[in-house]
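1. using only what follows, build the 3D model:
(chains A and B)
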Amino acid sequence: MEQKNYITSLCSIKNGIVSLDGVSGFSDKSIDGVDFIKAAYKEYQLSYPKFYKMDNLCKLAFVASELLLKNNPLTKKYASQDIAIVIANSASSLEIDTEHQRTISDKNNYFPSPSVFVYTLPNILIGEIAIRNSIKGENSFFIFDKFDAEFMSSYINSILDSSKAKCCITGWIELYENKYEAFLYTVEQQEGTLKTEHTAQELKKLYNH
Amino acid sequence: MDALIEQLKGEIIKQLNLEDLKPADIDSDAALFGGGLGLDSIDALELIVLLEKNYGIKVSNPADGKKIFQSVRTMAEYISANKK
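-> Residues are numbered from 1 along each chain as shown, chains lettered A, B, ... in the order given. Below you'll find the model as predicted:
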């Protein structure tokens, strides 16, 4: 019999609104672009010494993951190696790549910043989440034109069905040119309060909501 | 020297993105690494870049770093002695 997997919690951050499990939380549309991420960090009284050193893409992933795991503390329910992290986006790490490029484009003013350079890969955000929560399970980062519900549902279900992991933190973390969108959710083999099966159809509904 | 120390604190905050700190929060004689600022190896590289970018000083011998970056004051003393 085929195993069913379920979306058990969900955090969305976009257009100046944070929502958890579909319920709107902190909201301030007057805050311009990515500054909203820092405002949300302060609003929810999150505390992590490395936060301000991260690039904006990691900041977004960090805030979304903190709120998601506060809502559904996977690390208290599963062993560290049983928690997978699978994230996708479209812009990769282009924002910080561009910043790095600016620091090396002038031969007479050539001062590449080590702390900028270390973020010039999108999967660094997975590392930040993993380090913060001591997660050691399977991880992957994919780049697509847009959120691909078919692929994400199929890929994460295959990880869980093949016992590579028992749960997964997954979703879409996109940030470029002052626009941002986090759609981060957890998938488990037991049904949660959301009572939503992890299928492409359900994912599309949640993503487009 | 005091003016340089204060200037350096501001530059360190900016270069290392220590957004939640003000210059007054940094003790001039406190250890930069292993202390309350939570600096790591990437920050050490940033401080080397700061010296070169803002003061034209290249730290060519990595072993010197331990003495130079002991505190804000030792950094300021090194800058005063080596600024071009």
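
2. flag every residue of chain B that's near chain A.
-> Contacts of chain B with chain A, taken as CB under 8 Å from any CB of the partner chain, map to B:16-20, B:38, B:42-43, B:45-46, B:49, B:52-53. For every residue, glycine as well, the C-beta is placed using N, CA and C.

3. in CSV: these, plus secondary structure, pLDDT and neighbour count.
-> Rendered in CSV, the data for the residues of chain B next to chain A read as follows (DSSP: H, G, I helix; E, B strand; the rest coil; pLDDT from 0 to 100; neighbours: other CB atoms under 10 Å in any protein chain shown):
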residue, secondary structure, pLDDT, neighbour count
B:16, coil, 93, 22
B:17, coil, 88, 18
B:18, coil, 89, 20
B:19, coil, 82, 11
B:20, coil, 79, 12
B:38, coil, 79, 13
B:42, helix, 93, 15
B:43, helix, 94, 22
B:45, helix, 93, 17
B:46, helix, 95, 22
B:49, helix, 94, 17
B:52, helix, 94, 13
B:53, helix, 93, 17
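
4. farthest pair in those residues?
-> Based on CB to CB, the longest span within the residues of chain B next to chain A runs between B:20 and B:52 and measures 26.4 Å.

5. other SSEs contacting the lengthiest helix in chain A?
-> In chain A, assigned by DSSP state H, the helix with the most residues is helix A:56-71. For helix A:56-71, the helices and strands in contact under the criterion 3 or more CB pairs under 8 Å, 6 or more residues apart in numbering or on different chains; DSSP states H and E are strand A:6-14, strand A:17-20, helix A:35-43, helix A:94-104, helix A:124-133, strand A:167-176, strand A:179-188.

6. ok, then the element right after the second one?
-> In other words, strand A:17-20. On the C-terminal side of strand A:17-20, the nearest following helix or strand under DSSP states H and E is strand A:23-27.

7. pull out the buried residues from that next one.
-> In terms of neighbour count (16 or more other CB atoms under 10 Å in any protein chain shown), strand A:23-27 has its buried residues at A:25, A:26.

8. which residues touch that strand?
-> Contacts of strand A:23-27 with the rest of the structure, by CB atoms under 8 Å, 6 or more residues apart in numbering or on different chains, involve A:16, A:17, A:18, A:19, A:39, A:40, A:43, A:44, A:67.
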